[in-house]
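Engineer: need coordinates for the below:
(2 chains)
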Amino acid sequence: MADKNYVNDINLENLTAADFEFCQKDDNIRDKKLDTKPIGAFRDAMIRFCKNKSSIVAAVIICCIILFALLAPVFSQYEQGFKYNTYKYMRPKSEKFAWLGLDGQYSKKLSVPFYYELNGIAVSTIDTYENGVREWTEGGLAVNSTIGNQSAYAPIQNLGEFYGTAEKKTYSMADVDCYFEIGFKYESLTPQKYAQIKAFEEASGVKVIYPMVDLNTESEYFEGDDTQYTQTWYFSYKGYPCTSDGRFFDVDGNEYTYKQLSKLDAEGKGVTNLMYFPNYASKYVEAGDITAFEEGQKYFFEKDLAGTMFYFEATTFEEGVKYYVAEVADYISMDKGNTYKARVLSYTYYQYVFWVEQCGGQFIENEDGTLSVDMSGNTEFYHVPDDHLMGTDAEGYDYVVRLAQAIRLSLLLAVCVSLINFVIGIVYGTIEGYYGGRVDLILERISDVLAAVPFIVVASLFQIFLVQTGKVNAVVGILFAFVLTGWIGIAHRTRTQFYRFKGMEYVLASRTLGASDLRLMFKHILPNALGTLITSTVLIIPSVVFSESTLSYLGIVSFNGETTSLGTLLSKGFSAGLTNYPYLLIIPSIIIALLLISFNLFGNGLRDAFNPSLRGTE
Amino acid sequence: MDMFKYVVKRILLAVMCFVIITSMCFILIRIYENVYLASKMESLTLAQAEAMLARRSAMGMDKPIFVQLAIFFKNMVLDGNIGISMYLKPNYPVAEIIQSRLLPTVLVNVYSLVIAVPLGFVLGIYAALKKNKWQDNLISTAVMLFISVPSYVYAFLMQYFVFSIGRAEGMLVVQDAVVVGGYFNAAMLKSQILPVLALSFGSIAGYARYTRAELTESLTQDYMLLARTKGLKRRQAITRHAMKNAMVPILPMIIGEFIGVLGGSMVIENIFGIQGMGKLYIQAYSMFDCDVFVAVGMFYTVISLLAGILVDLSYGFIDPRIRMGSGKNG
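Structural biologist: Okay, the predicted model is just below:
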């Protein structure tokens, strides 16, 4: 601006000789250094690349995606290999981003039995008697949802009006929290682990293990004999619901204790007298320990050998015979006491698992052989299990970590492929182009044949021969497939460039000065071609990302276990169902699309920057 | 005559490529077949294993590998027999299986080509004529987007869209021709809408970009200036000179695409459950039906070779300069 004004200020029409001065007349500038730095080809390309806005944006997007891939697992509370099998296909939920609607809830049409089941989960987790709730109907459950709402683990968050009355099939729309919806499950625990959980419960105040289920109570809502069914424990003795600590109260508030006895005979078989009997766990007692029970009273007996239950009754006790005392208990002893089958709340059990596996929770053994929590270590028990920003995938991995892993693998593969192709292509193309003649002819035929092989066939053959026979893992197999034919494009470009430059005078001059073949190839001719070659190398990256995602989507390449790629995520998202979990499909799709767009833009920007004919046109 | 020589040379080269690739594929697959069979034998009863071995020897699969290869080529040349399916459709000639799978693939791809070519042309020409105006910028940006995003992303997005507006009935997957009775009826066409669209977006963008690039180049040529100075109107100059010249590289591209139509898109076929070539390949791969696998591999090889030859030759047919050039210089 200033220069322009200056020109306007002076009177250009009446210039005199005095207005001019020599800028350099007698100075000797032979040995003077240049004031400005020389701009080389790459620097020039860099300057021009920076002027291309879309390429810069693309580069920023690429950087963001790479940063996400690198940093997300670092900042995530979940380590890469951590998964919780029960929480599969959980919806996104995050305390920090709840305002975005990430509350893990989804809308569901509930029938009345299903409503009972879900509300039952909530009711089961609170001590209904202590909370003053005694409105028991319908086998121990109130339709009134306010009871369930007192629970911190209530699956039903918002319940709409019930509608339709035909044959009890009444429905209501409800927002259901998928993390609580799973409710209780059976877990096989070692006695050691059981003790650990008990210690954890004591230290944290979080209740993990709940009393076993009375499977024999008949319900008009739950039909069939599903012994694995975990949610129905609130159907209980004589219709009185059980509290979470295993006591019973009738409507008047009278408390009942519920103890049962059983006996082993000489053959280890029981007298058959099938009764409805709570499926409670039992422990050995000697006959002498049961004096508390009245003689002559009817007791129900239970036998447990390798997990098989028999029920019988007896009225007298014999000296020297082993008896079981069955009581409302936390577990059934199976496999001769080596395994405890316990009923755990998925949510709090996760808290325990997470504390042990991810927070490094430690236990110490007390003098009396019991376990307690090592309070010197990490005592942050109240980890929220439902803090998955993008939910979890089909195997229970945190999706954010999984996505980052997939991006890493896909990009790493693409970069490796492009670098290897770059090197092979340059060497092959250099030899072809420089020597020409018969060498060129033969090498060209070889690359013709390779180029005609359909890529998908190559990839399949590599998978069949190397991966399925266990010689290399899937990633290396697919890398080989990409490298086998991928360098042809680069070689072709190099060859063309060599044909263009090898006859030039400067090459001849260099040769007459005694430059060797290698020096001519790599020092004099190749640098001319480097710009285009770099561009096509960069453009290999999106094509590899795309091909890899296609191959693993089609199942030709299968990554399993902890390795995953964008295509694998896509394929798993597709099998999860577009209707139920659209985000599992849309998130990897968008990431792939973003990567492809950005790399293409970036590559185009590079191409323009390296194109000498465009120099100075901007 | 030189042109003829060139054609013959190209075809011979292609045949050589085909023979080499097919032989490699055949040999590799047959070698692995032994390994595969050995692992499979463990789970079979004695009678089943004997039957399997008898069947293999009847198919000549216990002969030395190069003898098998010779028989394979002999059968292919003499009877057009390219093998017999082992597991996919047992004892069925592979050629018949391929025949039955071609039509669904070709139909969807031809529909998409029919949509994509004119649309791509129109957009490309429009963008070229409005070069560096907002229309051109809009089209170029859209083209960049659509060319980069893979077709399965459109497929997923459209499926989700169709589902969420509640019009998913009969649209999410392509109907079975046997169920709806033929390939040309309303139900079939309706179910083909989404795959055709998913395939089209990318190609439209591709054609538009190519057309724009070629046309902008020919618009700045000197002959355009000459045409205008001769007194042609802009429209006349464009349609008679610029367009004709721009078509020279574009038409071969379309010819190549027409051949490529046979191959189709595996992912789209997979997503929409089209019983086509791509699906056949995946099935043959996962069930390890070796003859079908080799045959489909051959099929894809032929397509890529054929497309290459036709594209190169069509340059000569379309552009007289190239034809004459090859005549003079040999």
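Engineer: C-alpha from now on. contacts and neighbour counts both.
Structural biologist: Noted.
Engineer: pLDDT below threshold where in the chain?
Structural biologist: Using chain A here. Residue ranges of chain A with pLDDT under 70: A:1-10, A:112-113, A:116, A:120, A:123, A:126-150, A:164-169, A:211-337, A:376-385, A:612-618.
Engineer: hmm, no, I was thinking of chain B.
Structural biologist: Low-confidence segments of chain B (pLDDT under 70): B:1, B:320-330.
Engineer: for it, which residues are neighbours of chain A?
Structural biologist: B:17, B:20-21, B:28-29, B:32, B:144-145, B:148-150, B:153, B:156-157, B:159-160, B:163, B:266-267, B:270, B:282, B:285-286, B:297, B:300-301, B:304-305 (C-alpha under 8 Å from any C-alpha of the partner chain).
Engineer: and these, which of them are buried?
Structural biologist: Buried members of the residues of chain B next to chain A, counted by 16 or more other C-alpha atoms under 10 Å in any protein chain shown: B:17, B:21, B:28-29, B:32, B:144-145, B:148-150, B:153, B:156-157, B:159-160, B:163, B:266-267, B:270, B:282, B:285, B:297, B:300-301, B:304-305.
Engineer: list the ones among those that fall in helices.
Structural biologist: B:17, B:21, B:28-29, B:32, B:144-145, B:148, B:153, B:156-157, B:159-160, B:163, B:266-267, B:270, B:282, B:285, B:297, B:300-301, B:304-305 (DSSP state H).
Engineer: nearest residue to residue A:200 other than its sequence neighbours?
Structural biologist: residue A:373 (6.2 Å; C-alpha to C-alpha, 6 or more residues apart in numbering or on different chains).
Engineer: next one: phi and psi at the one you found?
Structural biologist: Residue A:373 adopts backbone torsions of phi -70, psi 140, taken as degrees, to the nearest 10.
Engineer: any idea what it is bridged to?
Structural biologist: Beta-bridge partners of residue A:373, counted by DSSP bridges, are residue A:363.
Engineer: how long is stretch A:157-172 end to end?
Structural biologist: 13 Å (C-alpha to C-alpha, to the nearest Å).
Engineer: closest approach to chain B from the stretch 401-550 of chain A, which residue is it?
Structural biologist: residue A:449 (5.1 Å; C-alpha to the nearest C-alpha).
Engineer: surely that residue is in a strand?
Structural biologist: No: applying DSSP: H, G, I helix; E, B strand; the rest coil, one finds residue A:449 to be helix, outside a strand.
Engineer: now it: how far from residue A:494?
Structural biologist: Taken as C-alpha to C-alpha, the span from residue A:449 to residue A:494 is 19 Å.
Engineer: so the two - more neighbours on which side?
Structural biologist: residue A:494 (29 against 19; other C-alpha atoms under 10 Å in any protein chain shown).
Engineer: I figured that one hits residue A:433, correct?
Structural biologist: Yes: at 7.2 Å, residue A:494 counts as touching residue A:433 under the criterion of C-alpha atoms under 8 Å.
Engineer: for the stretch 501-618 of chain A, what lies in contact range of chain B?
Structural biologist: So far as C-alpha under 8 Å from any C-alpha goes, the stretch 501-618 of chain A lies against chain B at A:546, A:550, A:553-554, A:556, A:578-579, A:582, A:585-586, A:589-590, A:592-594, A:596-597, A:600-601.
Engineer: can you select the buried ones from those in ChimeraX?
Structural biologist: Applying 16+ other C-alpha under 10 Å to those leaves a buried subset, and the ChimeraX line that selects it is:
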select /A:546,550,553,554,556,578,582,585,586,589,592,593,594,596,597,600,601
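Engineer: helices - which of the residues of the stretch 501-618 of chain A next to chain B land there?
Structural biologist: A:546, A:550, A:553-554, A:582, A:585-586, A:589-590, A:592-594, A:596-597, A:600-601.
Engineer: out of everything not next to it in sequence, what's closest to residue A:151?
Structural biologist: Nearest to residue A:151 is residue A:122, by C-alpha to C-alpha, 6+ apart, at 5.4 Å.
Engineer: distance-wise, check the one you found relative to chain B.
Structural biologist: Relative to chain B, residue A:122 is positioned 32 Å away (C-alpha to the nearest C-alpha, to the nearest Å).
Engineer: what is the burial count for that residue?
Structural biologist: Neighbours around residue A:122, by other C-alpha under 10 Å: 24.
Engineer: then residue B:78?
Structural biologist: Residue B:78: 8 neighbours (other C-alpha under 10 Å).
Engineer: tell me the SS of it?
Structural biologist: helix.
Engineer: ok, it - contacts?
Structural biologist: The contact partners of residue B:78, taken as C-alpha atoms under 8 Å, 6 or more residues apart in numbering or on different chains, number zero.
Engineer: and for residue B:139?
Structural biologist: Neighbouring residues of residue B:139 by C-alpha under 8 Å, 6+ apart: B:123, B:127.
Engineer: would it count as being in a helix?
Structural biologist: Yes: counting by three-state DSSP, residue B:139 is located in a helix.
Engineer: residue B:165 versus the residue nearest to residue A:200, what's the distance?
Structural biologist: From residue A:373 over to residue B:165 (counting by C-alpha to C-alpha), the distance is 54 Å.
Engineer: and the most centrally placed residue in chain B, backbone torsions?
Structural biologist: With distances taken as C-alpha atoms, centre = their mean, chain B has residue B:260 as the residue nearest its mean C-alpha position (2.5 Å). Main-chain dihedrals, residue B:260, degrees, to the nearest 10: phi -60, psi -20.
Engineer: burial of the spatially closest residue to residue A:356 that is not a sequence neighbour, as a residue count?
Structural biologist: With sequence-adjacent residues excluded and distances taken as C-alpha to C-alpha, 6+ apart, residue A:356 is closest to residue A:362, at 7.0 Å. When counting by other C-alpha under 10 Å, one arrives at 18 neighbours for residue A:362.
Engineer: for residue A:362, give me phi and psi.
Structural biologist: phi -120, psi 150.
Engineer: try residue B:181
Structural biologist: Here residue B:181 shows phi and psi, under degrees, to the nearest 10, equal to phi 80, psi 70.
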